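In: requesting a structural model of the entry that follows:
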Amino acid sequence: MRKSRDKLVGFLFVLPSIILIGVFVYWFIFQNVSTSFDRVETRATKRVVHPGGAANYSQLLGSADYQHALFNLLVLTVVFVAGTMFFGLLWAILLEKGVTAEGIFRSIYLLPMAISFIAAGVVWRWLLAPGKGDQASGLNQLLAMLGLERFQSSWWQSPNSLSMAAMAIPAIWQLSGYVMALFLAGFRGISDDQREAARIDGASEWKIYRHVLFPQLSPIALSALIIVGHMSMKMFDLIYAIAGQNSYKASVPSTMMWTQLFQQGDATAAAVNATILLVLVALIVIPYLYYTNKTEKEVRG
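Out: Below you'll find the model as predicted:
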């Protein structure tokens, strides 16, 4: 009897959260998916804007502008994830080895996380300014001062198809500290006895990292990979602050969705776009949730 009452009390405590999540998350997802299948015609000419059903998805996916946005997203995600993982792991290794004033360095690396993407984007818009020669500013001006003019670039405004990689630089700067904190916590959670045992067996420092430490960091690396990967797919504010709202070169699905909904007033196209992004994020997050749930069951079992 007491257990039943405790369960009822616990359920009543979480009931408001269940209702709020059900309404403001799952109901809105359902409404968005439902809107994405709408058939839309113009009132005056009865011209079909969206044929309805699955054809709405093939219509958007077949658009050259949306394919360009998906390619930009792919480039942004690959460079962003690779950059944050590399620098995050590098900084974690350096701090894990023990340095003077570690707290100061840790704070410096984590400080960018405290800055909003919009505020950071305003600064990086100036740093990534495309001007060269007498018009140079930001990074191009710094390169000129160092005598490295040949490395000056138009950055994200470059004409080549990989210009979107420059847009990942601010994101790498901002999120590498977060990945560093994850890896550093993982390093600190490994017993020193394992390292000493490996040294006694004659293992070099590289072999200790490769065969003792890195394998134990794989769950943390997977978590960091998933978190950073899904953040890159939803990135909007940083791109908006740097490139503006109508930039074709820096266009990604999230910025296209803003244009579709608020500039063009096309709620159906925006809903299709949002649903595609939801599926892309789910393809990353769901396998991770399955893996973590399976691992927890194996630990408990």
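In: so who does residue 258 touch?
Out: Residues in contact with residue 258 (C-beta atoms under 8 Å, 6 or more residues apart in numbering) are 236, 240, 245. Using the backbone N, CA and C atoms, a C-beta is placed for each residue, glycine as well.
In: neighbours around the nearest residue to residue 272 once chain neighbours are set aside, how many?
Out: Closest residue to residue 272 apart from its sequence neighbours, by C-beta to C-beta, 6 or more residues apart in numbering: residue 36 at 4.4 Å. Residues near residue 36, counting by other C-beta atoms under 10 Å, number 24.
In: swap in residue 79?
Out: 20.
In: what's near enough to touch it?
Out: 164-165, 168, 172.
In: which of those ranks first by neighbour count?
Out: Counting neighbours by other C-beta under 10 Å, residue 164 comes out on top of the contacts of residue 79 with 28 neighbours.
In: quick check: that one touching residue 72?
Out: Yes. Contact criterion C-beta atoms under 8 Å: residue 164 and residue 72 qualify, at 4.4 Å.
In: wait, isn't residue 144 in contact with residue 152?
Out: Yes. Using C-beta under 8 Å, residue 144 is in contact with residue 152, at 6.9 Å.
In: pull up the overlap in contacts between these two.
Out: By C-beta under 8 Å, 6+ apart, residue 144 and residue 152 have these common neighbours: residue 136.
In: sorry, back to before: got JSON lines for the contacts of residue 79, with distance to residue 264 too?
Out: Shown next, in JSON lines, are the contacts of residue 79 (distance: C-beta to C-beta, whole Å):
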{"residue": "164", "distance to residue 264": "23"}
{"residue": "165", "distance to residue 264": "28"}
{"residue": "168", "distance to residue 264": "27"}
{"residue": "172", "distance to residue 264": "32"}
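In: number of nearby residues for residue 277?
Out: 19.
In: per-residue confidence for it?
Out: Looking at residue 277, its pLDDT reads 92.
In: with the one 5 residues further on instead?
Out: For residue 282, the model assigns a pLDDT of 88.
In: next: the one 5 residues further on.
Out: In this prediction, residue 287 carries a pLDDT score of 81.
In: equivalent analysis for residue 161, please.
Out: For residue 161, the predicted pLDDT is 68.
In: ok, residue 299 next?
Out: On pLDDT, residue 299 comes in at 68.
In: following the helix or strand that contains residue 95, which helix or strand shows up next?
Out: Per DSSP states H and E, residue 95 falls inside helix 64-96. For helix 64-96, the succeeding helix or strand toward the C-terminus, using DSSP H and E, is helix 102-110.
In: for the very next helix or strand once past that following helix, buried residues please.
Out: Using DSSP H and E, the next helix or strand after helix 102-110 towards the C-terminus is helix 117-127. Neighbour-count burial for helix 117-127 flags 117, 120-121, 124-125, 127 (criterion: 16 or more other C-beta atoms under 10 Å).
In: how about the CA coordinates for helix 117-127, as PDB?
Out: In PDB, the C-alpha atoms belonging to helix 117-127 read as follows (Å, rounded to 0.1, in the frame of the first residue of the first chain):
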ATOM      1  CA  PHE A 117      26.900  32.600 -30.700                       C
ATOM      2  CA  ILE A 118      25.400  36.000 -31.700                       C
ATOM      3  CA  ALA A 119      28.000  38.000 -29.800                       C
ATOM      4  CA  ALA A 120      30.800  35.700 -31.000                       C
ATOM      5  CA  GLY A 121      29.500  36.000 -34.600                       C
ATOM      6  CA  VAL A 122      29.600  39.800 -34.500                       C
ATOM      7  CA  VAL A 123      33.300  39.600 -33.600                       C
ATOM      8  CA  TRP A 124      34.100  36.900 -36.100                       C
ATOM      9  CA  ARG A 125      32.300  38.800 -38.800                       C
ATOM     10  CA  TRP A 126      35.000  41.400 -38.500                       C
ATOM     11  CA  LEU A 127      37.800  38.800 -38.100                       C
END
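In: having no further points to raise, I will conclude here.
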